[in-house]
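Chemist: requesting a structural model of the entry that follows:
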Amino acid sequence: MKLKNKLENNLVYLYTIILSLVPAVTLYWSSGVPIQHAYLSWITIAFIIGILVISINSFTKSKQKAGVIVAAISIAFFYFGNFLQLIISISMTLGIIQEKSVLENSIVLPVVFFISWSILWIVITRIIIRSDSLTQKSDYYLSVVSIILLVFMASGIGLKIDVSSKNKKLIESILLNNSELDPYAGIALTSYDNENSPDIYYLIFDGFAGPNILLKYYDTDILYFIQQLEKRGVYVANESKSNYSMTISSLPSSLNMNYWDELARNEIKDVGWIPVIPLLHDNLVSNYLHNRGYDLVTFPSGFWPTEDFQTDMKISPLINLNEYQENLLLYTPVPRIFPSILYDNHRNRINFTLNSLKNITNEERPIFVFAHILTPHPPFIFDGEGNPVHPQRTYNHFDADDYRKLGGTTAEYQEMYSDQLNYIFSEILEMIDGILLESESPPILIIQGDHGPGSLVSQSHFEENNLDERFSIMNAYYFPDKDYSSLYPSITPVNTFRVILNKYFEENLPLLPDKNYFSILYHPYEFIDVTEILK
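Modeler: Numbers count the residues shown, from 1 in each chain. Below is the predicted model of the structure:
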């Protein structure tokens, strides 16, 4: 009897925690994010809810009442985004509003809704806790519902982990062992003198366009920036284009020194991003350099597919919300009450990376530094002087027509992109100076866009695209000996490391034809060869 009473008393912890975790687990299910990005958030939520139950119980002297109060608080807080979306859908159905962005991007209306929502739940809670019979009934039903939810959540998590694991093994066997992408195919396995191996910095600035497109569509002349790069001994391939139109397809190509559109077309049936992750996290270039004594150094990007590389050193700021945690916070009223919080997190992450790149030290082994820096890509968070700014809308990474669907305009995109890029120019020059100053021997630097910007680009329809804008990229190289005879103005990223391995590691890899493939966001592996169109 005592054990039964104990279990019943402690069920308040179960249902309050489970109810709080439903949105977090739902977000995990609906995204491709790996569980290691999510479970710490779940533990944190469970801990906070447990402390809240204990604290309120110390005032009410009743665990049942404390449980009902905390359950009400949890629903009001963690389900805020769900109910706001419901209000938006109802408002659109009734014709009260025409565009979702009217409510989504408003600061005042969600705050008013949150206040009204909170008052409602306070009233409901007061009614319940003043009646012992209602409290007992609420406690009972919440316990039953939470047990059902727990079964569904646990089985769903287990199923997703199992499917992800099988999928990863399948894709690795298909792609990573394919002769076209074999990590050791055609590459010598001889040892290399690590003492004379140059450090290598591969720095991806997301959406960084080339000079011609910036001048044509963004009224931005970067001649001075290019002159400053060349003054430092940097080679700028000013006619370079990306091989693919999205990060998720571009980086697997450059880091594996090969095209993979045929493999994707023949083998990948999944429309999500998970299948390609092994090509990123266990890529040929990283493996090759690691086998030759290099340590891999990475930074958090805020974009989950470019996280979790097989790395020797991940340099992160003390406080850094990952992409999953940013999206989870959007379920709550926090970003509406403090609209700059997620923009500040993203800004701090970028500034931290740019500053940290200047003084990486590793005396024992050479380093291969990979940094995916999510700028000048949206969100636009810097003005031309580097001062904080952010669009007056809910935080997101959306680009191209998705940017416009949330209230942005082409003119706004081009203006804010140009301002952000002007600030990044000065940071890049300062970063190069810092790296060269701190390096004991001259390193290899690659500063590259993974694709171009998207002010005139559609991620939904091929016909509605400005391909010139989307494929134009900055592509700049610094070699220790400043001999750039192996480079050429139109070199694409697929050949970047073929040139470097040939030049500095005595390989004999043929350069591939420079091709360009377009795909839309919702069908990322259905590639269209646009090479001839771009000529």
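
Chemist: now do the contacts for residue 259.
Modeler: Shown in contact with residue 259 (CB atoms under 8 Å, 6 or more residues apart in numbering): 243, 253, 494, 512, 515, 517. All C-beta atoms are positioned from the backbone trio N, CA, C, and that covers glycine.

Chemist: how near is the residue nearest to residue 459 when sequence neighbours are not counted to residue 243?
Modeler: Spatial nearest neighbour of residue 459, excluding adjacent residues (CB to CB, 6 or more residues apart in numbering): residue 521 at 3.8 Å. Taking CB to CB, to the nearest Å as the measure, residue 521 and residue 243 are separated by 17 Å.

Chemist: so between these two, which is more surrounded?
Modeler: Set residue 521 next to residue 243 and count neighbours by other CB atoms under 10 Å: residue 243 wins out with 26 against 17.

Chemist: surely the more buried one and residue 255 touch.
Modeler: No - counting by CB atoms under 8 Å, residue 243 stays clear of residue 255, with 11.6 Å between them.

Chemist: joint contacts of those two?
Modeler: The contact sets of residue 243 and residue 255 do not overlap (CB under 8 Å, 6+ apart).

Chemist: and the helices in the stretch 401-535 of the chain?
Modeler: 410-438, 467-471, 496-504, 531-534 (DSSP state H, counting those that start in this stretch).

Chemist: out of the ones you listed, flag the one nearest residue 87.
Modeler: helix 410-438 (26.4 Å; CB to CB).

Chemist: in terms of secondary structure, what does the closest one contact?
Modeler: strand 200-205, helix 211-218, helix 223-231, helix 400-405, strand 444-448 (3 or more CB pairs under 8 Å, 6 or more residues apart in numbering; DSSP states H and E).

Chemist: so the second one versus helix 223-231, what angle?
Modeler: Think helix 211-218. Taking axes from the mean of the first three to the mean of the last three CA atoms, to 10 degrees, one finds helix 211-218 and helix 223-231 inclined to each other by 160 degrees.

Chemist: pLDDT averaged over helix 211-218 - what is it?
Modeler: Average pLDDT, helix 211-218: 94.

Chemist: just the CA atoms of it, as CSV, please.
Modeler: Extracted C-alpha coordinates of helix 211-218, given in CSV (Å, rounded to 0.1, in the frame of the first residue of the first chain):
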residue,chain,number,x,y,z
PRO,A,211,32.5,40.0,-58.0
ASN,A,212,30.5,40.2,-61.2
ILE,A,213,27.2,39.2,-59.6
LEU,A,214,27.7,41.5,-56.6
LEU,A,215,28.2,44.4,-59.0
LYS,A,216,25.3,43.5,-61.3
TYR,A,217,22.6,42.7,-58.7
TYR,A,218,23.8,44.1,-55.4
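
Chemist: how far away from the center of its chain is stretch 409-419?
Modeler: Offset of stretch 409-419 from its chain centre (CA atoms, centre = their mean, to the nearest Å): 21 Å.

Chemist: check which residues of that stretch are buried.
Modeler: Within stretch 409-419, the residues scored as buried using 16 or more other CB atoms under 10 Å are 413-414, 416-419.

Chemist: give me the contacts around that stretch.
Modeler: 207, 214, 217-220, 376, 378, 380, 382-384, 389, 391, 403-404, 453-456.

Chemist: let's see it at 10 Å
Modeler: Stretch 409-419 is contacted by residues 207, 209, 214, 217-220, 375-387, 389-391, 399-401, 403-404, 408, 453-457, 469 when judged by CB atoms under 10 Å, 6 or more residues apart in numbering.
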